[in-house]
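# Need the 3D shape of this:
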Amino acid sequence: MQNQLKKEIGFFAALTTVVGTVIGAGVFFKPTAVYDSTGSASLGLLAWLIGGILTIIAGLTAAELSAAIPQTGGMMAYLKRTYGNLTAFLLGWAQTVIYFPANIAALAIIFGTQTASLFGYSADDNKMLIVVIAAATAIFLTLLNFLGAKAAGGIQTIATICKLIPLALIILFGLLHDSNVPFQLFPVEAGPERTFLTALGSGLLATMFAYDGWILVGNIAGEMKNPKKDLPKAIILGLSAVMAVYLLINVAFLTVMTAGSLAGTNTPASDAAELIFGSMGGKLVSIGILISVFGSINGYVMTGMRVPYAMAMENKLPYSRWFAKLSPRSRVPYNSGLFILAIAIIMMFIGGFNTLTDMLVFVIWIFYTMTFAAVMILRKREPELVRPYKVPLYPILPIIAIAGGLFIVINTLFTQPVLAMWGLGMTALGLPVYFGMRKKHIH
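The predicted structure is shown next:
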């Protein structure tokens, strides 16, 4: 028997979901990759700005589908309607074997790095210690989620508050900090021995992890009181606020540290906090960042295990009965959770934070780009579909969104071919699974 979802989520809750989902660990740790790629403060800030604008355009574009097809499942529902079952399956597969495990692994590595740094251990000399802390954190949070949604939801609320405190403190006191660190906004140029477009592309790829999560709000469309009106508004306003926060905190970082210093540290936010507040104040801010990262991991554990479960409920995975098993007490899909945890732990031993995040951004942006194209395909194919919200400046914004997505995907293929091949290879493993399960159903 299918339970009807309760329509309880209003505009403010949707707005805080966008902001809360997007602002995570990326803003505290991605400056390292951004300034390492670009080699300069000016190009680094431009990457953050373009990343924000592209995300807003992406949000404006995808919001048309969120409002017209307000089904729980979000992007999977849009792709199924536009391209059919195979594309929707490959998205679910990619989320199960790459997107969610890589997010959990990358964030857990960052949690381990930040914890080790807090106790005075160097990240370069204690890689195994960091992986052990990372694995223990992911295991603990997965087990905690098995107790039920209430326990996991409580952590989410505390972590959301904790992530905003260090952000506000660094922005406020960083911008007012009397520092002799010079940085120029103009002319915008790449650092030494870098070509402008390649450096911008790699910097943009790094920022996209920090901006990621915006499309997940589409998953709650089925539980919103007025999704047709509130969802597009929540995405647009939420992402504009996030971009403003990201630009401000990066200016605060650059007020106390050079682009080179930011590129050379694994814990940029903590280092900046120590320069602003002194040793003790810096440690307190670092603890706030740790709680924020802890909450981000919890969010991906909580939502991640529900993807293979949903696929298993439609009998789309081998051993679907195993994946669909729920805990008798908490009604949580624990086998799906254990599967994602196992992949995440393997990833922790294979790749570092930036490698994992670049791979998951590359893979998910293939599907994002297909979603932007779906807006245009459905406009032609289903003109009668009720669209309470239409993307403004059509077809200009969807074309910009598609071009931006193609730039991220193609740039990664050329600048990080091995990483891209791993991502494509793991996604392609879903093909024999899909056709094998289809054959089984036919017979």
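# for the helix or strand containing residue 414, packing partners?
According to DSSP states H and E, residue 414 maps onto helix 396-415. Packing partners of helix 396-415 (3 or more CB pairs under 8 Å, 6 or more residues apart in numbering; DSSP states H and E): helix 41-68, helix 196-211, helix 353-381, helix 417-428. For the C-beta atoms, the positions are set from N, CA and C on the backbone; glycine is no exception.
# Can you get me a residue count around the closest residue to residue 275 other than its chain neighbours?
Nearest non-adjacent residue to residue 275, counting by CB to CB, 6 or more residues apart in numbering: residue 256, 4.5 Å away. Residue crowding around residue 256 was assessed by other CB atoms under 10 Å; the count is 23.
# quick revisit: contacting residues around the helix holding residue 414?
54, 57-58, 60-61, 198, 201-202, 204-205, 208, 358, 361-362, 365-366, 368-369, 372-373, 375-376, 391, 419-420 (CB atoms under 8 Å, 6 or more residues apart in numbering).
# PyMOL command to pick out the buried ones of the residues you listed?
Filtering those down to the buried ones (16 or more other CB atoms under 10 Å) takes a single PyMOL command:
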select buried, resi 54+57+58+60+61+201+202+204+205+208+358+361+362+365+366+368+369+372+373+375+376+391+419+420
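# Could you tell me how far residue 85 is located from residue 44?
42 Å (CB to CB, to the nearest Å).
# Could you do residue 437 as well?
When residue 437 is compared with residue 44 (using CB to CB), they lie 45 Å apart.
# Which one of the two is surrounded by more residues?
Higher neighbour count among residue 437 and residue 44: residue 44, with 32 against 18, using other CB under 10 Å.
# For the more buried one, which residues are in contact?
31, 34, 35, 38, 203, 250, 254, 259, 262.
# burial count for the closest residue to residue 97 other than its chain neighbours?
Once flanking residues are discounted, residue 97 sits nearest to residue 426: 5.5 Å by CB to CB, 6+ apart. Around residue 426 there are 18 other residues, counting by other CB under 10 Å.
# Of all the residues in the top helix by length along the chain, which ones are buried?
For the chain, the helix with the greatest residue count under DSSP state H is helix 268-304. Using 16+ other CB under 10 Å as the test for burial, helix 268-304 gives 268-277, 282, 285-304.
# list the helices and strands that helix packs on?
helix 26-29, helix 31-38, helix 100-118, helix 127-146, helix 149-176, helix 227-256, helix 334-350.
# what's the angle between that helix and helix 227-256?
Taking axes from the mean of the first three to the mean of the last three CA atoms, to 10 degrees, one finds helix 268-304 and helix 227-256 inclined to each other by 160 degrees.
# avg pLDDT for helix 268-304?
On average, the pLDDT along helix 268-304 is 87.
# How far does whichever helix or strand comes after it sit from its chain's centre?
Using DSSP H and E, the helix or strand that directly follows helix 268-304 along the chain is helix 306-313. Centroid separation for helix 306-313 versus its chain: 20 Å, with CA atoms, centre = their mean, to the nearest Å.
# Contacts for helix 306-313, please.
73, 89, 92-93, 95-96, 100, 317, 320-324, 333, 336, 339-340.
# go with 10 Å
2, 72-73, 76, 88-89, 91-97, 99-100, 219, 316-326, 332-337, 339-340, 437 (CB atoms under 10 Å, 6 or more residues apart in numbering).
# What of stretch 329-338?
For stretch 329-338, using CB under 10 Å, 6+ apart, the contacting residues are 96, 139, 141-143, 145-152, 301-302, 304-313, 317, 319, 321-327, 339.
# Grab the nearest non-local neighbour of residue 405.
residue 369 (3.2 Å).
# What does the residue positioned nearest the centre of the chain show for phi and psi?
Residue closest to the average C-alpha location in the chain (CA atoms, centre = their mean): residue 212, at 3.4 Å. Per-residue torsions, residue 212: phi -70, psi 160 (degrees, to the nearest 10).
# Tell me, what's the model's pLDDT at the spatially closest residue to it that is not a sequence neighbour?
Distances taken as CB to CB, 6+ apart place residue 361 nearest to residue 212, at 6.6 Å, with adjacent residues excluded. pLDDT, residue 361: 93.
# can you check the one 5 residues further on too?
pLDDT, residue 366: 96.
# Kindly provide the distance from it to residue 391.
20 Å.
# Kindly report the same for residue 172.
Counting by CB to CB, the gap from residue 172 to residue 391 is 36 Å.
# now the longest helix of the chain, how far from the chain's geometric center?
17 Å.
# just stretch 106-115 next, same as before
For stretch 106-115, the distance to the chain centre is 16 Å (CA atoms, centre = their mean).
# for the record, mean pLDDT for that stretch?
If you average the pLDDT values across stretch 106-115, you get 92.
# please begin residue numbering at 20 from this point
I'll keep to 20 as the first residue from here, and by that count the last item is stretch 125-134.
# Buried residues, it. List them.
Buried-residue list, stretch 125-134, by 16+ other CB under 10 Å: 125, 126, 127, 128, 129, 130, 131, 132, 133, 134.
# Could you dump the residues you listed into TSV with distance to residue 202 added?
TSV is the format used below for those (distance: CB to CB, whole Å):
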residue	distance to residue 202
125	28
126	29
127	32
128	29
129	25
130	29
131	31
132	25
133	25
134	30
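# Stretch 346-354: which residues count as buried?
349, 351, 352, 353, 354.
# any idea how far residue 92 is from the last one?
Separation of residue 354 from residue 92 (CB to CB) stands at 20 Å.
# Could you find the closest non-adjacent residue to residue 70?
Nearest non-adjacent residue to residue 70 (CB to CB, 6+ apart): residue 226, at 3.4 Å.
# Could I get the contacting residues of the one you found?
45-46, 49-50, 52-53, 56, 63, 66-71, 73-74, 262, 265, 269, 380.
# For PyMOL, what selects the buried ones among those residues?
Burial among the contacts of residue 226 is assessed by 16+ other CB under 10 Å; the matching PyMOL selection reads:
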select buried, resi 45+46+49+50+52+53+56+63+66+67+69+70+71+73+74+262+265+269+380
